[in-house]
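A.B. asks: test case, fold it:
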Amino acid sequence: MTRSRYADLERDELARLVPELLLIGQLIDRSGMAWCISAFGREEMARIAIEEWAGSSPIYTRRMQKALRYAPVTPGTGDVVTIFKGLQLDIGAPPQFMDFRYTVHDSWHGEFHLDHCGALMDVEPMGEDYVRSMCHDIEDPTFDATAVASNPKAQVRPVHRPPRSSPDQHPHCAWTVIIDESYPSVEGIPALAQVERTRAASLLLDPIDESAGPGEGRADYTGPLLSDLDFAAFSHSALVRIADEVCLQMHLLNLSFLVALRARCDTDEQLREMATKQLVGVAGIAAERISRALGTDALRTLELHPLLNPAAYVEAQVTDGTLAVTAGPAHEDGAWISLCGPGAVRPLEAVVRAVDPLLDVEVTGSDSDWVATLVPRTEAATEADEVAVTRFSTGSAFAFEPRKSIPITPV
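C.D. replies: Model prediction:
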């Protein structure tokens, strides 16, 4: 196995990093969908978003279930608690920014509501049509697609949802989750089968070390559902695996996004341009948040960035002030790293300049095997337009707060 790049972080650093990574995953859409609206319009953007999430979330939801040992014994027979645990570890529902509150009635009946929906805060200023696209057109099929990873007989249905009657209306939305054998089984969309064939979908990562002693943290998420996950309560080994899995969620989401884009772009050049815009936008905000959370310099931030992780997926070495990248599974998939190299430095620039605007990146080599060196600038670089577009999201400056982790029992 390739050693995780997160393994050198301290446990408290990992506990700060994991929610950051979950939020960064949400911001992928804040970056990518802006350019989809520009190219294809609002309605087609909504279709792309549905295909993107439905083509990836069942894969990464099952991966996290297995990693933290809360997967159902028989695949496809998970209960409401299984579904809710999955949401707590999903880039589609980053903690606090998408503030899910859960109620469990029994194994087959539950509810959740959002006390705060950061995605709604981002979209509401754009008008009611955009709110309906997100909260109706996109949410209906994608919630079911996420639930199907646990049980194809699950249905997620709204109690109420935006548009809101007033800015003071809370909770922002509420939903029921019911599992019933009489319900028709939810089927995966065609894009799901394509993404399942990628290297990312079946990537092997180091198993969590379950030998941690008392006080070293939990190695799984067995037992009751918790109101808020206290990441500091997990072991170092578990946090490393969670961080790697969350980065893999981002890659899977992006690969599904590319499937949807490829079906709509007229040329390979248009596809690459739009994919690069998405990457540049999220790369800059991600670097800014990681550096702020951990106090890392530009090169260390690059090493910890989702662009280069997990290490088992992206072949790279950071030594002596340089980044050396070689062909690996991520290149085979056409993942983010394939958008970087000689003549394609904008994503790398977005990362390092978010930490230090007085840095540039020089890249030499071939398209898949190259070396990047950080070099000083004489004047501070201006922020890339794509990063500025992503910064429109309230998630770019969102601050996490301490929460108590309380077991949820059936009511």
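A.B. asks: rest of the way, CA atoms for contacts and neighbours
C.D. replies: Noted.
A.B. asks: now do the domain split for this structure, please.
C.D. replies: With domains defined by automatic domain parsing, the chain comprises 11-240, 271-395.
A.B. asks: for residue 3, which of the ones you listed is the nearest?
C.D. replies: Nearest to residue 3 among the domains of the chain is domain 271-395 (6.9 Å), distances taken as C-alpha to C-alpha.
A.B. asks: who's in contact with the helix or strand bottoming out on mean pLDDT in the chain?
C.D. replies: Across the helices and strands of the chain, the lowest-confidence element by mean pLDDT, DSSP states H and E is helix 139-148, at a mean of 87. Contact with helix 139-148 is made by 50, 53-54, 57-58, 61, 76, 83, 154-157, 186-188, as judged by C-alpha atoms under 8 Å, 6 or more residues apart in numbering.
A.B. asks: now the helix or strand in which residue 111 is found: buried residues?
C.D. replies: Assigned by DSSP states H and E, residue 111 belongs to strand 109-117. Buried residues in strand 109-117, defined by neighbour count with 16 or more other C-alpha atoms under 10 Å: 109, 110, 111, 112, 113, 114, 115, 116, 117.
A.B. asks: which strands and helices sit next to that strand?
C.D. replies: In terms of contacts (3 or more C-alpha pairs under 8 Å, 6 or more residues apart in numbering; DSSP states H and E), strand 109-117 is packed against strand 98-106, strand 173-179.
A.B. asks: one step back: to residue 402, which of the domains of the chain lies closest?
C.D. replies: domain 11-240 (8.8 Å).
A.B. asks: following element in sequence after the least confident helix or strand of the chain, please.
C.D. replies: Next along from helix 139-148, by DSSP H and E: strand 154-160.
A.B. asks: strands paired with that next one, and their directions?
C.D. replies: Strand 154-160 sits in its sheet next to strand 173-179 (antiparallel), going by DSSP bridges.
A.B. asks: put the alpha carbons of the strand it pairs with into PDB.
C.D. replies: Only the C-alpha atoms of strand 173-179 are listed here, as PDB (Å, rounded to 0.1, in the frame of the first residue of the first chain):
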ATOM      1  CA  CYS A 173     -36.300  22.300   4.900                       C
ATOM      2  CA  ALA A 174     -37.500  19.100   6.400                       C
ATOM      3  CA  TRP A 175     -37.700  15.500   5.000                       C
ATOM      4  CA  THR A 176     -38.900  12.100   5.900                       C
ATOM      5  CA  VAL A 177     -36.900   8.900   5.200                       C
ATOM      6  CA  ILE A 178     -39.000   5.700   5.000                       C
ATOM      7  CA  ILE A 179     -37.800   2.200   4.000                       C
END
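A.B. asks: how far does that strand sit from the chain's center?
C.D. replies: Here strand 173-179 is found 22 Å from its chain centre; the criterion is C-alpha atoms, centre = their mean, to the nearest Å.
A.B. asks: which stretch among the domains of the chain comes nearest residue 401?
C.D. replies: Comparing those under C-alpha to C-alpha, the one sitting nearest is domain 11-240, at 8.1 Å.
A.B. asks: now the end-to-end length of the closest one.
C.D. replies: Domain 11-240 has an end-to-end distance of 9 Å (C-alpha to C-alpha, to the nearest Å).
A.B. asks: and it, how far from the chain's centre?
C.D. replies: 9 Å.
A.B. asks: one more: stretch 387-403?
C.D. replies: 14 Å.
A.B. asks: next, the buried residues of it.
C.D. replies: Quick answer for stretch 387-403 (16+ other C-alpha under 10 Å): 387, 389, 390, 391, 393, 394, 395, 396.
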